[in-house]
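Chemist: Build me a structure from this.
(one chain, ligands or ions: 1)
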Amino acid sequence: MNKRVELALNDQIEKEASSSQYYLAMASWAENNGLNGTAKFMYLHSDEERFHMLKLIKFVNERGGTAIVPAVGQPAINFENLETVFTLLLKHEIKVTESINNLVDVCLQEKDFSTHNFVQWYVSEQLEEEALARMFLDKLRLIDGDKGGMYMFDRDLENSAMQPTNPSGPTA
Ligand code: OFO
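Modeler: Residues are numbered from 1 along each chain as shown. Coordinates of the predicted model:
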């Protein structure tokens, strides 16, 4: 496997692992603050990010590279409020999108068209994740800190089709 591409893929593995931990921390915070819908969303989102990591690990190893399982730092324990959580989520996803775009760029520079093809799945995934985070933030801005509104937001999220699907495994 091309070394620059392998390096960029391993960098992305680290980003997906960090995303999974980050959303797990948000899930735990939400659970401790009576926000069950948000907790459910974040737990599933954390699983989804782990699935993104596993998919990359398998791809690197199957293509003759060496996937590196990364150490990840401890994420935050406390968050100010729901709006902060979703603002941080959107910021984080924008950074991940930049990193995916960089990966696409490296594939094109190195003329690795099969990895480029593989990475397109992540390009579409990022578009969806950013759109979803923006939609939640728009709703939270409308609610503007109103407690009743937040209760409804969380309850809607609990029953929502917007919940991430539980990924079935690295080959799904
Ligand atoms: Fe892996 O999609 Fe978000 O970060």
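
Chemist: where does this structure have low pLDDT?
Modeler: Across the chain, the stretches falling below the confidence threshold (pLDDT under 70) are 161-163, 165-172.

Chemist: Could you pick out the residues of it near the ligand for me?
Modeler: If contacts are counted using CB under 6 Å from any ligand atom, the residues of the chain sitting beside the ligand are 16, 19, 49, 52, 93, 96, 125-126, 129. Every residue, glycine included, has its C-beta placed from N, CA and C.

Chemist: Report the buried members of these.
Modeler: Of all those considered here, the ones buried according to neighbour count by 16 or more other CB atoms under 10 Å are 16, 19, 49, 52, 93, 96, 125-126, 129.

Chemist: For the residue lying closest to Ile68 once chain neighbours are set aside, give its distance to Asn78.
Modeler: Among residues not flanking Ile68 along the chain, Asn10 sits closest, at 4.8 Å (CB to CB, 6 or more residues apart in numbering). Note on Asn10: its distance to Asn78, by CB to CB, to the nearest Å, is 31 Å.

Chemist: Pick out whichever of the two has more residues nearby.
Modeler: Neighbours were counted for Asn10 and for Asn78 using other CB atoms under 10 Å; Asn10 has more, 19 against 9.

Chemist: Pull out the buried residues from the helix or strand hosting the more buried one.
Modeler: Taking DSSP states H and E as the definition, one finds Asn10 inside helix 3-32. Within helix 3-32, the residues scored as buried using 16+ other CB under 10 Å are 5-6, 8-30.

Chemist: Which elements pack onto it?
Modeler: Taking 3 or more CB pairs under 8 Å, 6 or more residues apart in numbering; DSSP states H and E as contact, the helices and strands that helix 3-32 lies on are helix 36-62, helix 82-109, helix 113-143.

Chemist: Please compute how far it lies from its chain's middle.
Modeler: Helix 3-32 has its C-alpha centroid displaced from the chain centroid by 7 Å (CA atoms, centre = their mean, to the nearest Å).
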